[in-house]
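Visitor: With the input below, show me the fold.
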Amino acid sequence: MKHRRVALLNNISPLGLKEFGANYALTQNQGDADLWLVRSADLLETDMPIRLKAIARAGAGVNNIPLERCTRQGIVVFNTPGANANAVAELVVAGMLLSARDIIGGANWLREQEVDTSLPQRVEKHKSVFSGSEIRGKSLGVIGLGAVGHLVANAGVAMGMEVWGYDPSIAIEHALKLALSVHHVVRIAELLQACDYITLHVPLLDSTRGLMGRLQMDRMRPGAVLLNFSRDQLVDEEALEEALAAGRISKYVTDFANQRVMSLPNTLALPHLGAATEEAEENSAMMAARQGQDYLNNGNISNSVNFPAITLGKAAYPTRVLVLHRNVPGILSKVTTLFAKEGINIEQMVSSSRGDVACALFDASITVPRAFAMQLASQPDILRVRVIYGDGEPDAAE
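Guide: All right, here's what the predicted structure looks like:
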């Protein structure tokens, strides 16, 4: 049996590795691998071998992977959105509780005390320094109601908070799970003015970089708490420093520590603990393995950050052809014409595009010659061609 090879660039949960079938083998030689599984390994300067077909990131962020270069080489990059959602949502709730009551300050003070018979009296005398407020009855604004955001919103409702949500492109699967009492707004400004706690749950894009700037912080309810467990660059740190110094924001809670943030007053910074649970690591590893395996076995793409989603289900014909290409006119026509000239009947096909790139899947009822795969791969604007055979043979044109 010919094996597809997987290289681990970080430690991956054993539960993830158990997802691979008998036709897979681990390799320590990255250049000999069809699939790389990664977590935090920095690949920005790493050469991508010719054989490499996919990179699966066991986590959400992919700033450690050179996406443009991978796209040019026809390497599909996957991430695992939602696999660590519950872990992050629980930490956000913890962040709200820690900002509402000085639990950390009280615990640290107590550890510094001399343990003797007078300790109970000292505790009673000093505990008012660490008093705070309850979350119940306060208002929570959730910006982004995706995999994490909708869980945070529902948790807020369960704790007796009045919850406001902003997400102009909320997915149906998350909308259906969202508590009916959540107030939907169409402008962030409305949410900022209404809420005691603001939490960010959006991806870092050019359009969201600096999402929370001076204008937005000025619109926040005086004394509100800002929580950021998504990406540090969503917040303009210069504006944040001014808002904290002026008391417009009472506290900033973040999972992203840097030199500037650590120097700010009334800031609680955590060491990127959002996905640091055993369950999240297992879920991410299993999801990454399943997506990478489905791509290698069937050519299906889901949760890719550089190519559009596409599927024809499990490969049931002798040959399946995947074409990754630039999104320019005429490509599909050229490809199907080449099929016809070769006398290969297309039993079923599907295509998809996103931005500058696109992909297409074709099922054929005969074994497609390797020479035909090479001919397809040599066409202008074709990034990569994979011919997947049902007998376990390696892909053609690789």
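
Visitor: May I have the distance across stretch 350-368, first residue to last?
Guide: End-to-end distance for stretch 350-368: 18 Å, by Cα to Cα, to the nearest Å.

Visitor: Show me what counts as buried in that stretch.
Guide: For stretch 350-368, the buried set under the neighbour-count rule, 16 or more other Cβ atoms under 10 Å, comprises 351-353, 357-364, 367-368. Placement of C-beta: from N, CA and C, glycine included.

Visitor: and what of stretch 88-106?
Guide: 88-93, 95-96, 98-101, 106.

Visitor: contacts for it?
Guide: Under the criterion Cβ atoms under 8 Å, 6 or more residues apart in numbering, residues 127, 129-135, 138, 140, 148, 151-152, 155, 159, 197, 199, 225, 227, 229, 250-251, 253, 255, 268, 270, 273-275, 280 lie in contact with stretch 88-106.

Visitor: Are any of these buried, and if so which?
Guide: Here, 16+ other Cβ under 10 Å leaves 130, 135, 138, 140, 148, 151-152, 155, 159, 197, 199, 225, 227, 229, 250-251, 253, 255, 268, 270, 274-275, 280 buried among the contacts of stretch 88-106.

Visitor: Now intersect those residues with the strands, please.
Guide: Judged by DSSP state E, those include Leu140, Tyr197, Thr199, Val225, Leu227, Ser250, Lys251, Val253, Leu268 as members of strands.

Visitor: Pretty sure the fourth one sits against Cys195.
Guide: The one in question is Val225. No - Val225 lies out of contact with Cys195 (Cβ atoms under 8 Å); the separation is 9.2 Å.

Visitor: overlap in contacts of the two?
Guide: Contacts common to Val225 and Cys195, judged by Cβ under 8 Å, 6+ apart, are absent.

Visitor: ok so, going back, reformat the ones in strands among the buried ones among the contacts of stretch 88-106 as JSON lines; add pLDDT and distance to Leu15.
Guide: Output for those, formatted as JSON lines (pLDDT from 0 to 100; distance: Cβ to Cβ, whole Å):
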{"residue": "Leu140", "pLDDT": "98", "distance to Leu15": "34"}
{"residue": "Tyr197", "pLDDT": "98", "distance to Leu15": "35"}
{"residue": "Thr199", "pLDDT": "98", "distance to Leu15": "30"}
{"residue": "Val225", "pLDDT": "98", "distance to Leu15": "36"}
{"residue": "Leu227", "pLDDT": "98", "distance to Leu15": "30"}
{"residue": "Ser250", "pLDDT": "97", "distance to Leu15": "41"}
{"residue": "Lys251", "pLDDT": "97", "distance to Leu15": "37"}
{"residue": "Val253", "pLDDT": "98", "distance to Leu15": "31"}
{"residue": "Leu268", "pLDDT": "97", "distance to Leu15": "32"}
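
Visitor: Check the gap between the spatially most central residue of the chain and Ala85 for me.
Guide: For the chain, Ala60 is the residue whose C-alpha lies nearest the centre (Cα atoms, centre = their mean; 2.3 Å). According to Cβ to Cβ, to the nearest Å, Ala60 and Ala85 sit 9 Å apart.

Visitor: how about the residue nearest to the centre of the chain, secondary structure?
Guide: coil (DSSP: H, G, I helix; E, B strand; the rest coil).

Visitor: OK, contacts around Leu191?
Guide: Per Cβ under 8 Å, 6+ apart, neighbours of Leu191: Gly141, Ile143, Trp164, Gly165, Tyr166, Val185, Ile198.

Visitor: Number of residues surrounding Ser181?
Guide: Using other Cβ atoms under 10 Å, Ser181 has 12 other residues around it.

Visitor: related to what we said a few turns ago, out of the buried residues of stretch 88-106, which are inside strands?
Guide: Members of the buried residues of stretch 88-106 lying in strands (criterion: DSSP E): none.

Visitor: I am finished for the moment; much appreciated.
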